[in-house]
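Trainee: I'd like to go over a predicted model; first the sequence, then the structure.
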Amino acid sequence: MKVTSPVLGNTLTLDGPARRVVSLVSSATETLFAVGAGAAVVGVSPYCARYVPGLAAPVVGDYVRADPAAIRAAAPDLVVVTDGVQLPLARRLAAEGLPAYLLPVPQSRFGILENAVALGALTGRLAEARALCASIEAGAAALVASAPAPRPRVYAELWFGAHPRRFGGRAFVHDVLELAGAENLFGEDPFAYAPLDLGEVERRAPEWLVVFQEPEHPVDARALAAARGWAGRLGDRIVTSTVERGRNLIHDGPSFLETARWLRGVLLGEATR
């Protein structure tokens, strides 16, 4: 089987299903285990264990930094990386002759399904990947059918370390909000991630604030709202999203459905924040 990546400029030739996989993408690692290919995973990033309980594979690289020699020592026939922020690392690994395979960052939940099919095909688990996709589609359909009316207007702010961003209709996070039963405040805007525009946020008058934070750079969402003069309008309608499985707005693995269900429960007053 030959797999070509125009972005990386490489072609991988696999004699059969990949048997030794290094995954530097937490969503891909979760997907590999979900389709039954977990035994093939021989190296991961430090973030992968958040989404695969009991993960025993050694850490061989970070999301944006990795030593090619450490990855080569794992003798992989496939190294899973993604574009976006990780693209420079992906290009470096490919240039080093490692069997890098690039997954695109999803623009919607359908991109998550596409990536699952690709990983299933590469590891000899295509039928299992298709079954996983069918299960996700069924779960999503149930959430769409039970969405509240009217949907509450939600402004979600994503803090990537010390760098805050808002997201529009070209980010898969939009789908998480939609499945949660919310209306994404910037859902009709044709961007994925953009710098903050607090004036525009105020003009659109959100009913809820959801803030994603990383543990290395904690953000006090309530203090943030108070400093911006939003506390009176929002009241108690402030939610913090974390890197925990089932509460991570920016994680594009199969558990994104768990996140949507959790957020639905919060918006309806049925789940803890």
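Mentor: That came in fine, so what should we check first? All values derive from a computational prediction rather than experimental measurement. Residues are numbered from 1 along each chain as shown.

Trainee: and the closest residue to A271 other than its chain neighbours, what element?
Mentor: Nearest non-adjacent residue to A271, counting by Cβ to Cβ, 6 or more residues apart in numbering: G265, 2.8 Å away. C-beta: built from backbone N, CA, C; applies to glycine. Assessed by DSSP states H and E, G265 sits inside helix 256-267.

Trainee: and A225, by the same measure?
Mentor: helix 221-227.

Trainee: burial measure for P17, as a count.
Mentor: Neighbours of P17 under the rule other Cβ atoms under 10 Å: 18.

Trainee: which residues are in contact with it?
Mentor: Residues counted as contacts of P17 (Cβ atoms under 8 Å, 6 or more residues apart in numbering) are 40, 122-125.

Trainee: mind listing what's buried in the longest helix along the chain?
Mentor: Using DSSP state H, we find that the single longest helix of the chain is helix 126-145. Using 16 or more other Cβ atoms under 10 Å as the test for burial, helix 126-145 gives 126, 128-133, 136, 139-140, 143.

Trainee: pull out the buried positions in the very next helix or strand once past it.
Mentor: Downstream of helix 126-145, the next assigned helix or strand under DSSP H and E is strand 153-160. When burial is assessed from 16+ other Cβ under 10 Å, strand 153-160 yields the following buried residues: 154-159.

Trainee: swap in stretch 94-110?
Mentor: Buried positions in stretch 94-110, judged by neighbour count with 16+ other Cβ under 10 Å: 94, 98-103, 105-106, 108-109.

Trainee: span of that stretch from start to end?
Mentor: In stretch 94-110, first residue to last residue: 27 Å (Cα to Cα, to the nearest Å).

Trainee: cool, stretch 82-99 as well?
Mentor: 13 Å.

Trainee: who touches E214 in this structure?
Mentor: 159-161, 243.

Trainee: which one of those residues sits closest to K2?
Mentor: F160 (35.2 Å; Cβ to Cβ).
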